[in-house]
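[1] One predicted model, sequence on top.
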Amino acid sequence: MMRAEIRMKEFGRPEFLAETLKPETSRDIPRTKVEVDVVDGELVIGVSAEDVNALRAALNSYLRWLKLALDTENTVGGL
């Protein structure tokens with residue numbers, strides 16, 4: 001099993017971002033498990049996968065959803 005972790009504390013509000021991304025953790029991305037939490041004020045996205053291809057696919061998806069959440073927050077002014 002391979003694992004990658006993304007930690008962010010500089011962008012946006014970590015609680016808002018975590019709540020935005022958590023529904024995606026219930027999506028079935030083959031051969032992966034994803035956890036989204038806030039730890040010590042940091043957004044933490046942990047991805048475990050059976051192989052490098054599954055890990056890459058899950059990371060790409062979550063980074064895109066994270067960018068979408070950040071762009072939306074910036075556009076609407078942080079509802």
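    Here it is on my side, so go on. Residues are numbered from 1 along each chain as shown.
[2] For the rest of this, base every contact and every neighbour count on C-alpha atoms.
    Will do.
[3] Tell me where this protein has strands.
    Counting by DSSP state E, the chain has strands at residues 2-8, 32-39, 42-49.
[4] for the second one, packing partners?
    Of the remaining helices and strands, those touching strand 32-39 by 3 or more C-alpha pairs under 8 Å, 6 or more residues apart in numbering; DSSP states H and E are helix 14-21, strand 42-49, helix 52-76.
[5] coming back round to it: so which of the strands of the chain gets nearest residue 55?
    Among the strands of the chain, the nearest to residue 55 by C-alpha to C-alpha is strand 42-49 (5.1 Å).
[6] For the closest one, output the C-alpha coordinates as CSV.
    Presented in CSV, the C-alpha positions along strand 42-49 are these (Å, rounded to 0.1, in the frame of the first residue of the first chain):
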residue,chain,number,x,y,z
GLU,A,42,-4.0,22.5,8.8
LEU,A,43,-6.1,20.8,6.1
VAL,A,44,-4.8,17.3,5.8
ILE,A,45,-5.7,15.0,2.9
GLY,A,46,-4.4,11.5,3.3
VAL,A,47,-4.5,9.1,0.3
SER,A,48,-3.7,5.4,0.5
ALA,A,49,-3.6,3.4,-2.7
